[in-house]
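# Generate a structure from the sequence data that follows.
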Amino acid sequence: MRFIHTADWHLGKLFGQRHMTEDQAYVLDELIALCDDLRPDALVIAGDIYDRAIPPPEAVALFSETLAKLALRGVKVLFIAGNHDSAVRLGFGAELLRASGVYLAGMVRAAEPPVVLSDDYGDIYFSLIPYGDPPHVKDAFALETMPSFDAALGVQIAAARAQIPAGARSVAVAHAFVIGGQTSESEHALSVGGSDQVGAENFATYDYTALGHLHAPQRAGAEHIRYSGSLLKYSFDEVRQKKGAELVEIDGAGAASHTFYPLTPRHDVRIVSGLMNELMAEGFDPLPHDDYICVELLDSDAVLAAHEKLRHIYPNLFSITRPNVNMGRLSSNERIYERGKSELHLFAEFFADVTREKLSAEEEHALIRVIDGLEKEAREA
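Purely as a prediction, here's the structure:
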């Protein structure tokens, strides 16, 4: 049995002020091309299909198109709801989708039947375990007391294992924060204070566990319990992470092996460091300048109109950090300017995030003009 493990697509994601749908469409075409090359029996998506409970229409259309392309190739698709997804909305049409080889688990249910796929050695049972916070698990299983995240997952797994014959090969698909995992800024915490973390031993009885939620590809307590990582880099602390998908192969005895296949994005996410005069020098940065860029400006003195100057070099400039600026050395007006400049760009990101609406090119340019104008007033003041 050969299947591709992927997760955390976050379709409809807003990264800074940038809607990522075109980037996601680009990398999903690469994923489909990978399916053409590897010819897997199935594609497994371990939650967070969308970035929010009510995704924008273009994100829903992209997911629909991707499922259709995979179905035409005869690749079965198995997916679950993550903490970003609306379990009810994601579960729409589940019975009809099964006829096309698409299997999903949205809402937490006390008796979620496994998906059974077969190869030359017999059946493999896939337990689709959607994200379930303690209140939903308590209600679904009619528990008397509120469980912890770890106990809630244990209840879901116990119910799933009860439907798998003894000795049968099995795969778990889950969305959870396993203790010890490497986190990223783009992940939303499941709770406060670390109570959302679960033990890897919950999955010990499965031959392979396909996890979602953490955005870095990594093992989770054991080699056969793994996160595939997110589809793309969604924050600047992910710049060193490799993004792609895992090809998982399970032999007749249930031994699982995995191979990571990187995917190349339309735009990479990078941090560029240097002094202003270095950054402005021709040939300083040999990599594509249309990548999504955070500039780490190393000048210790104030640099006026830094955004305006650097945007001519990096059209997709997201932010500037100033690690070497000593605010105590600046004049009062310079401190106001530096502080206000940061707050203006944070406001722009906040504005685009809370509206959850796609800005037209004209609206986006108008917003940038407003920010630039305010920066100019701050400099003149």
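# where exactly do the helices run in the protein?
Secondary structure of the chain (DSSP state H): helices at 21-38, 57-72, 87-90, 94-98, 134-140, 149-161, 276-279, 306-313, 332-355, 361-380.
# Worst mean pLDDT among the ones you listed?
Ranked by mean pLDDT, the helices of the chain end with helix 332-355 at the bottom, a mean of 50.
# in the stretch 51-200 of the chain, what spans have low per-residue confidence?
Within the stretch 51-200 of the chain, the stretches with pLDDT under 70 are 187-194.
# can you pull out the strands in it?
With DSSP state E, counting those that start in this stretch applied, the stretch 51-200 of the chain shows strands at 76-80, 102-105, 115-119, 122-129, 169-175, 177-178, 197-198, listed in chain order.
# could you redo the ones you listed as a markdown table and give each row mean neighbour count and distance to residue 186?
Every C-beta, even on glycine, is put in place using the N, C-alpha and C of the backbone. What follows is those, written out as a markdown table (neighbours: other C-beta atoms under 10 Å; distance: least, C-beta to C-beta, whole Å):
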| stretch | mean neighbour count | distance to residue 186 |
| --- | --- | --- |
| strand 76-80 | 24 | 20 |
| strand 102-105 | 23 | 24 |
| strand 115-119 | 15 | 29 |
| strand 122-129 | 22 | 23 |
| strand 169-175 | 26 | 15 |
| strand 177-178 | 24 | 14 |
| strand 197-198 | 20 | 18 |
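# Identify whichever of those lies nearest to residue 288.
The closest of the strands of the stretch 51-200 of the chain to residue 288 is strand 76-80. By C-beta to C-beta, the value is 32.2 Å.
# Describe which strands the closest one pairs with in its sheet and in which direction.
strand 42-45 (parallel), strand 102-105 (parallel) (DSSP bridges).
# of those strands, which approaches residue 25 most closely?
Here strand 42-45 is closest among these (C-beta to C-beta), at 15.9 Å.
# contacting residues around the closest one?
3-7, 9, 31, 35, 70, 75-80, 117, 126, 171, 173, 210, 212 (C-beta atoms under 8 Å, 6 or more residues apart in numbering).
# Stretch 201-211 too?
Contacts for stretch 201-211 (C-beta under 8 Å, 6+ apart): 5, 7, 44, 46, 127, 150, 153-154, 157, 161, 169-176, 178, 220-222, 224-228, 246, 248, 250, 254-256, 258.
# distance between the ends of stretch 267-282?
End-to-end distance for stretch 267-282, by C-alpha to C-alpha, to the nearest Å: 21 Å.
# in that stretch, what's buried?
Residues of stretch 267-282 classed as buried: 267, 268, 269, 270, 272, 274, 276, 279 (neighbour count, 16 or more other C-beta atoms under 10 Å).
# Could you check how many residues crowd around the nearest residue to residue 111 once chain neighbours are set aside?
Setting aside the residues directly before and after it, residue 111 is nearest to residue 159 in space (C-beta to C-beta, 6 or more residues apart in numbering), at 6.7 Å. Neighbourhood size, residue 159 [other C-beta atoms under 10 Å]: 19.
# got it, and residue 114?
Residue 114 has 21 nearby residues by other C-beta under 10 Å.
# who touches it in this structure?
Listed by C-beta under 8 Å, 6+ apart, the contact set of residue 114 reads 125, 126, 127, 128, 160, 163, 164, 170.
# Quick check, residue 280 in contact with residue 309.
Yes: counting by C-beta atoms under 8 Å, residue 280 does reach residue 309; the two are 6.9 Å apart.
# Pretty sure residue 108 sits against residue 159.
No: Residue 108 lies out of contact with residue 159 (C-beta under 8 Å); the separation is 10.0 Å.
# Tell me which residues touch residue 252, please.
Going by C-beta under 8 Å, 6+ apart, residue 252 touches 120, 121, 122.
# meant to ask about residue 28
Here residue 28 is in contact with 9, 62, 66, 231 (criterion: C-beta under 8 Å, 6+ apart).
# is it possible to export the residues you listed to TSV including distance to residue 322 and neighbour count?
Below are these laid out as TSV (distance: C-beta to C-beta, whole Å; neighbours: other C-beta atoms under 10 Å):
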residue	distance to residue 322	neighbour count
9	34	28
62	37	21
66	41	22
231	31	28
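# Of the buried residues of stretch 267-282, which pair is most distant in space?
Among the buried residues of stretch 267-282, the pair separated by the greatest distance (C-beta to C-beta) is 267 and 276, at 23.5 Å.
# Residue 208 versus the residue lying closest to residue 164 once chain neighbours are set aside, what's the distance?
Distances taken as C-beta to C-beta, 6+ apart place residue 125 nearest to residue 164, at 4.5 Å, with adjacent residues excluded. Relative to residue 208, residue 125 is positioned 12 Å away (C-beta to C-beta, to the nearest Å).
# With residue 42 instead?
Going from residue 42 to residue 208 by C-beta to C-beta gives 12 Å.
# Which one of these two is surrounded by more residues?
Neighbour count, other C-beta under 10 Å: between residue 42 and residue 208, residue 208 has more, with 30 against 23.
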